[in-house]
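S.K.: Structure for the following, please:
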Amino acid sequence: MRDDELDVAFELGRTCALAAECGRDLRRCAQMYADLFPDTAFGADFFSSLTLATAFSAPWAPADRLKAVNRAALWVTAVDRLVDRGVATREQVNRLTRECVSVAEGAVPRSAITRFLADLRDELATVGDFDDLQGIWRDQLARMLAGMARAWVWRDTHTVPTLARYVDNADSRGSCFVDLSHWIYTADDWARGHLEELRAVSRQVQRYLHLLGDVASYRRDLSWGDLNVLALGVDGAEVTAAIADLERQAERLIGPVCEHSPRTASYLRRRLGFQAGVTGISDYQRAM
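M.R.: The predicted model follows:
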C-alpha cells in the first residue's frame, strides 16, 4: 500500500472512530428523551448515519466540539417527526412553534421537545458571546418551524406547490439551523462575526440538501403521505437539473468564504459531497 493510501485509510478510520464516539453521546442524549425517540423509528442505523454525516463534515474537530451540531440535528429530527405525526390541527402546530421560539428566547420549557431545545440553548450559552448571537439563532429556528408549519398545511389541504415554491420552503429541512448551532459553538472568530453572511450560504446549501434528501427518501415519504419533490408532478429530469443548478449556486457562494475561513468553507463543501455520496445522486442522475 502506498503512503498516500495509508494516509487516506488513516483519515477514514479516524473519522469513523470520531463518528462512533459522537454516536455514543447522541444515544445517551436520546435516552434522556426516550418518548421523542421510539426504537421503532430511531434505530442504531439512524444514529450512525447522523454522526457519520457530521464527522465527515468536520473531521478535524474532536467529539466534544461536535456536541452542538449533533444534538441540533437530533432535535430537528425529533421536532420534524412531531410536526409530521404528533399534531392534528393548525393550532397545535402554531402552539408548538410559539413554545419553541419562547424557549429559544429563554423561557422555561414545559414539554420534552422544549426541554431538549432548552438543553441545546444552554449548551450554546456556554460560548461567551452567545448573548450577541442568540437572536440570529432564534430567528433561524423560527424560520425552520414556519417552514415545517407551511409543509404541514400543504399536506393537510392537499396543496401541490410548484417546484420553485417547494425549494423556497427548504428551511423546513433544518440544516441551516444545525449549521448555525455548530458555528456558534465552535467556529473561528471570522465565521462567528459573519453569521448573517454565512447563513445565506448555508441556506443555499440547504436548498440543495432539501431536494437531495427527497430523492433518497422518496419511497419512505410516499409510504406515510409526506411531501416529496418527486410526487409534485415534476418531471424527474427537471428535478435533476434543479439539483445540479443548486449545487453550482452553492459552490459560487462557498468560494469567497474560503478566503476568510477555510474550514468553514470545507465544512459546507463536505456537507454537499457527503450527502450526495450517501444518496447516490450520481447513480440517480445517470438513471434519468
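
S.K.: where do the helices sit along the stretch 1-150 of the chain?
M.R.: Along the stretch 1-150 of the chain, counting by DSSP state H, counting those that start in this stretch, helices occupy 3-32, 44-57, 67-85, 90-104, 112-124, 130-156.

S.K.: Can you list the helices and strands that the last one packs against?
M.R.: Yep, that's helix 130-156 we're talking about. Applying 3 or more CB pairs under 8 Å, 6 or more residues apart in numbering; DSSP states H and E, one finds that helix 130-156 contacts helix 67-85, helix 90-104, helix 112-124, helix 175-186, helix 195-223. From N, CA and C alone the C-beta is placed, and that goes for glycine too.

S.K.: downstream neighbour of it in the secondary structure list?
M.R.: helix 163-168 (DSSP states H and E).

S.K.: on that earlier part again, please identify the most buried of the helices and strands packed on helix 130-156.
M.R.: Comparing the helices and strands packed on helix 130-156 by mean neighbour count (mean count of other CB atoms under 10 Å), helix 175-186 ranks first with a mean of 25.

S.K.: hang on, the earlier thing: format the helices and strands packed on helix 130-156 as CSV; extra columns: mean pLDDT.
M.R.: As requested, the helices and strands packed on helix 130-156 are exported to CSV (pLDDT from 0 to 100):
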stretch, mean pLDDT
helix 67-85, 95
helix 90-104, 96
helix 112-124, 97
helix 175-186, 97
helix 195-223, 91
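
S.K.: Now those in a markdown table, please, with extra columns for distance to Glu238.
M.R.: Putting the helices and strands packed on helix 130-156 into a markdown table (distance: least, CB to CB, whole Å) gives the following:
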| stretch | distance to Glu238 |
| --- | --- |
| helix 67-85 | 26 |
| helix 90-104 | 30 |
| helix 112-124 | 36 |
| helix 175-186 | 23 |
| helix 195-223 | 11 |
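
S.K.: ok so, going back, would you turn the helices of the stretch 1-150 of the chain into TSV with distance to Ser217?
M.R.: Below are the helices of the stretch 1-150 of the chain laid out as TSV (distance: least, CB to CB, whole Å):
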stretch	distance to Ser217
helix 3-32	20
helix 44-57	12
helix 67-85	12
helix 90-104	21
helix 112-124	22
helix 130-156	14
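
S.K.: Nearest to Ala244, out of these?
M.R.: Checking the helices of the stretch 1-150 of the chain against Ala244 by CB to CB gives helix 44-57 as the closest, at 21.1 Å.

S.K.: Pull out the buried residues from that closest one.
M.R.: Within helix 44-57, the residues that count as buried by 16 or more other CB atoms under 10 Å are 46-48, 50-57.

S.K.: Would you confirm that Glu123 contacts Arg71?
M.R.: Yes - contact criterion CB atoms under 8 Å: Glu123 and Arg71 qualify, at 7.0 Å.

S.K.: What is the neighbour count of Trp154?
M.R.: By other CB atoms under 10 Å, 17 other residues sit near Trp154.

S.K.: One more: the one 3 residues further on?
M.R.: Burial of Thr157 is recorded as 9 neighbouring residues (other CB under 10 Å).

S.K.: now Thr159
M.R.: Thr159: 12 surrounding residues under other CB under 10 Å.

S.K.: Just give the number of residues close to the closest residue to it other than its chain neighbours.
M.R.: Nearest in space to Thr159, with sequence neighbours left out and distances taken as CB to CB, 6 or more residues apart in numbering, is Val153 at 7.1 Å. Counted with other CB under 10 Å, the neighbours of Val153 add up to 12.

S.K.: cool, the one 3 residues further on as well?
M.R.: A count of neighbours around Asp156, defined by other CB under 10 Å, yields 13.

S.K.: Report the contact partners of it.
M.R.: Arg90 (CB atoms under 8 Å, 6 or more residues apart in numbering).

S.K.: Relative to Asp84, how far out is it?
M.R.: Look at Asp156 and Asp84: by CB to CB, to the nearest Å, they are 11 Å apart.

S.K.: pretty sure Leu82 is touching Thr114, no?
M.R.: No - proximity of Leu82 to Thr114 does not meet the contact threshold set by CB under 8 Å, at 10.7 Å.

S.K.: Need the residues that contact stretch 57-77.
M.R.: With CB under 8 Å, 6+ apart, stretch 57-77 has contacts from 11, 14-15, 18, 21-22, 25-26, 29-30, 42, 46, 50-51, 53-55, 113, 116-117, 119-120, 123-124, 144, 174, 177-179, 181-182, 184-186, 263, 267, 270-271, 274.
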